[in-house]
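K.L.:
I'd like to go over a predicted model; first the sequence, then the structure.
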Amino acid sequence: MPKIVISDTSTLILFRKIDEFIILQKVYGELLTTPEIANEFGEDLPNWIKVQSASNKKYQDFLNTQLDSGEASAIALATEFEDVLLLLDDLKARKLATQLNFKMTGALGVIVKAKQLSIIDRVKPVIEKLLKTDFRIADHMIKEILKLNNE
């Protein structure tokens with residue numbers, strides 16, 4: 001498990017919307033996020049989510065030309081750590097993080113990890129909750145995840 005896990009806004013919002021915020025805490029213990037993301041989230045964060053600014057504001061400003069401010073700040077902050085995992089669901093941000101060789105996962109990866117750690121019994125009920133939000137995922141991806149988890 002990476003030493004540092006940095007979450008973008010979308011992951012926080014999704015898990016709050018489906019009333020499963022506790023999954024994030026149980027899987028990762030503590031999360032790190034940025035002031036920009038905390039502001040986008042728009043609610044008080046629990047004490048297991050720490051807020052830290054990226055030191056390299058010039059790099060963050062550069063990333064801001066390609067991504068929204070939350071994603072840019074998350075990736076800029078990630079550059080300050082050696083063993084880091086980014087929680088990102090936005091495709092453009094994921095592509096850039098991949099190009100920069102960051103480890104990352106999204107909401108579905110968190111759910112699969114929660115099952116692997118026996119935090120949840122099944123992925124399907126949590127995925128069904130996700131699908132009731134504005135979260136978009138291709139049907140073939142859902143089928144593959146369910147198949148891989150014997151559901």
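P.N.:
That came through fine. Numbering: from 1, shown residues only.

K.L.:
so what sits opposite the spatially most central residue of the chain in the bridge?
P.N.:
Most central residue of the chain, judged by C-alpha distance to the mean C-alpha position with Cα atoms, centre = their mean, is L87 at 2.4 Å. Applying DSSP bridges to L87 gives these bridge partners: S7, T105.

K.L.:
okay but it is in contact with F102, surely?
P.N.:
No. The pair L87 and F102 fails to qualify as a contact (Cβ atoms under 8 Å) at a distance of 11.0 Å. For the C-beta atoms, the positions are set from N, CA and C on the backbone; glycine is no exception.

K.L.:
residue contacts, the residue nearest to the centre of the chain?
P.N.:
Applying Cβ atoms under 8 Å, 6 or more residues apart in numbering to L87 gives the contacts V5, I6, S7, D8, T11, L31, M104, T105, G106, A107, V110.

K.L.:
got a winner among these for most neighbours?
P.N.:
Neighbour tally across the contacts of L87 (other Cβ atoms under 10 Å): the maximum, 31 neighbours, falls on D8.

K.L.:
gap between that one and A76?
P.N.:
With distances taken as Cβ to Cβ, to the nearest Å, D8 is found 12 Å from A76.

K.L.:
cool, and S118?
P.N.:
Note on S118: its distance to A76, by Cβ to Cβ, is 35 Å.

K.L.:
and the two? Which one has more around it.
P.N.:
Neighbour count, other Cβ under 10 Å: between S118 and A76, A76 has more, with 25 against 8.
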